[in-house]
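Participant: What would the 3D arrangement of this be:
(one chain, ligands or ions: 1)
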Amino acid sequence: MKSDIKLIDGHGKRLDGRKADELRKIKIEAGVLHRADGSCYLEWGGNKVLAAVYGPREAIPKHTQNPLKAIVNARYNMASFSVEDRKRPGPDRRSVEISKVISEALERVILIEQFPRTMINVNIEVLDAEAGTRCAGLTAAGVALADAGIPMIDIPVACAAGKIDGHVVLDLGQKEDNFGDADLPLGLAPRINEVILLQMDGHLTMDEFNKAFELAHHGCLVVSEMQKKALLEKYESVVQPEEVVQDVQPEESE
Ligand code: UDP
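Facilitator: Numbers count the residues shown, from 1 in each chain. Here you go, the predicted model:
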C-alpha cells in the first residue's frame with residue numbers, strides 16, 4: 001500500500017530510529033513450557049511468539065503415516081488480540097500458507113528419515129504481531145526443536161529485508177511493512193548455508209533483490225548466534241561442571 005508517510009529520512013534514519021542495516025531488539029528464551037517436549041519464547045521488536053514442539057510420536061490417524069520419514073506439522077496461529085483489528089479466531093488463508101512454508105522449511109533441516117511413521121508437531125502462537133511474524137515464528141520453532149532434542153542438520157533461522165521509499169533495509173517494522181515497497185523473508189540453515197524459505201511481496205529489481213538477500217542473510221547469521229546463546233543459557237545452568245567434578249572425586253584412603 002502506498003502512502004504519504006516518509007519511512008526513511010535524508011540521513012538514512014527510519015521511523016523507529018534504526019539505520020538501514022539494523023535489526024529490531026530480539027530476546028530469545030528456550031524451554032519455557034513444561035508440558036511441551038521443547039519450547040521457546042521470542043520477542044522481536046513488537047512481536048511476541050511462543051513455539052512448542054511435541055514429538056516425534058506415532059502419527060494418528062494411521063493412514064497419515066509415512067513408512068520412510070516423519071511428518072512435520074507446523075501450525076502458525078495468530079491470537080485474536082495480537083493485531084490492531086481483532087482477528088477472527090481459527091485458520092485463514094494466510095495462516096494456512098505460513099504453516100505450509102514453515103513446515104516445508106523445517107522438513108529440510110530435521111532428520112526426518114530417522115523417525116518413520118511419526119509426526120512432529122510444531123505449534124507457533126503469535127501473541128503480539130508487528131510485522132515479520134513468519135520469521136519470528138520459524139526462528140522460535142528452531143530453538144524449540146533444538147530444546148526438544150530433535151536431531152537436525154542445523155538450527156533453522158529466519159530474517160527479512162525489504163524496500164522502503166526506494167531504499168533496501170533490514171527487518172521491516174509494521175509501518176514499513178504496510179507502506180513499504182517490498183518484503184523479502186528468508187529462512188536459512190546457517191551452518192550449511194542453505195535457503196529453506198524465500199518469499200517476496202512487492203517488487204524489487206535484480207540489484208535490489210541481491211542487496212536485500214545479502215542483508216537478510218546477514219540478519220539470519222546474527223539471529224542464529226542469539227538462538228545458540230539462548231540454548232546455552234538454558235543448558236549451562238542445568239549442569240554445573242563444578243558439582244559434577246566434586247561428585248567424581250576419589251575418596252582419600254587412610
Ligand atoms: N497483520 C494484521 N492482521 C492480519 C494479518 C497481519 O494486522 O490479519 C499484520 C501483522 O502485524 C503482521 C503484519 O501485518 O505481522 C505483516 O503480515 P505479513 O502477512 O506480511 O506476514 P509477517 O510479516 O508477519 O510474516
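
Participant: use CA for all of it now, contacts and neighbours both
Facilitator: Will do.

Participant: Tell me the buried residues in stretch 20-38?
Facilitator: Neighbour-count burial for stretch 20-38 flags 20, 23, 28-33, 36-38 (criterion: 16 or more other C-alpha atoms under 10 Å).

Participant: Export the residues you listed as TSV, with columns for distance to L221, pLDDT and secondary structure.
Facilitator: Below are the buried residues of stretch 20-38 laid out as TSV (distance: C-alpha to C-alpha, whole Å; pLDDT from 0 to 100; DSSP: H, G, I helix; E, B strand; the rest coil):
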residue	distance to L221	pLDDT	secondary structure
A20	17	97	coil
L23	12	98	coil
I28	15	98	strand
E29	18	98	strand
A30	18	98	strand
G31	22	97	coil
V32	24	97	coil
L33	26	98	coil
A36	27	98	coil
D37	26	98	coil
G38	22	98	strand
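
Participant: Among the residues you listed, which one sits closest to the ligand?
Facilitator: Within the buried residues of stretch 20-38, the smallest distance to the ligand is 14.2 Å, found for L23 (C-alpha to the nearest ligand atom).

Participant: confidence score at the nearest residue to the closest one once chain neighbours are set aside?
Facilitator: Excluding the flanking residues, the one nearest L23 by C-alpha to C-alpha, 6 or more residues apart in numbering is D171, at 5.8 Å. In this model, D171 is scored at 98, pLDDT.

Participant: contacting residues for D171?
Facilitator: Residues near D171 by C-alpha atoms under 8 Å, 6 or more residues apart in numbering: 22-24, 132, 159-162, 216, 219.

Participant: Could you say which helix or strand holds the residue nearest to E43 when sequence neighbours are not counted?
Facilitator: Distances taken as C-alpha to C-alpha, 6+ apart put K27 closest to E43, at 5.0 Å, once the chain neighbours are dropped. Here K27 sits within strand 26-30, counting by DSSP states H and E.

Participant: helices and strands around the helix or strand just after that strand, which ones?
Facilitator: Downstream of strand 26-30, the first helix or strand assigned by DSSP H and E is strand 38-44. Using 3 or more C-alpha pairs under 8 Å, 6 or more residues apart in numbering; DSSP states H and E, the elements in contact with strand 38-44 are strand 26-30, strand 47-58, helix 133-147.

Participant: Now do the shortest one: which elements does it pack against?
Facilitator: The contact analysis (3+ C-alpha pairs under 8 Å, 6+ apart) places strand 26-30 against strand 38-44, helix 133-147, helix 206-238.

Participant: how big is the angle separating the first one from helix 206-238?
Facilitator: Just to be clear, that refers to strand 38-44. 130 degrees (axes from the mean of the first three to the mean of the last three C-alpha atoms, to 10 degrees).

Participant: Any idea how far strand 38-44 is from the middle of the chain?
Facilitator: Put simply, strand 38-44 sits 9 Å off its chain's centre (C-alpha atoms, centre = their mean, to the nearest Å).

Participant: Give me the angle between it and strand 26-30.
Facilitator: In terms of direction (the same axes, to 10 degrees), strand 38-44 departs from strand 26-30 by 170 degrees.

Participant: Please apply the same query to the last one.
Facilitator: For helix 206-238 and strand 26-30, the angle between their directions (the same axes, to 10 degrees) works out to 40 degrees.

Participant: do helix 206-238 and the ligand meet at all?
Facilitator: No - applying C-alpha under 6 Å from any ligand atom, one finds helix 206-238 separated from the ligand by no less than 13.5 Å.

Participant: what mean pLDDT does that helix have?
Facilitator: Per-residue scores along helix 206-238 average to 95.

Participant: Skipping adjacent residues, who's closest to P89 in space?
Facilitator: Nearest to P89 is S80, by C-alpha to C-alpha, 6+ apart, at 5.7 Å.

Participant: Wait, that neighbour touches P91, no?
Facilitator: No - applying C-alpha atoms under 8 Å as the test, S80 and P91 come out as separate, 11.1 Å apart.
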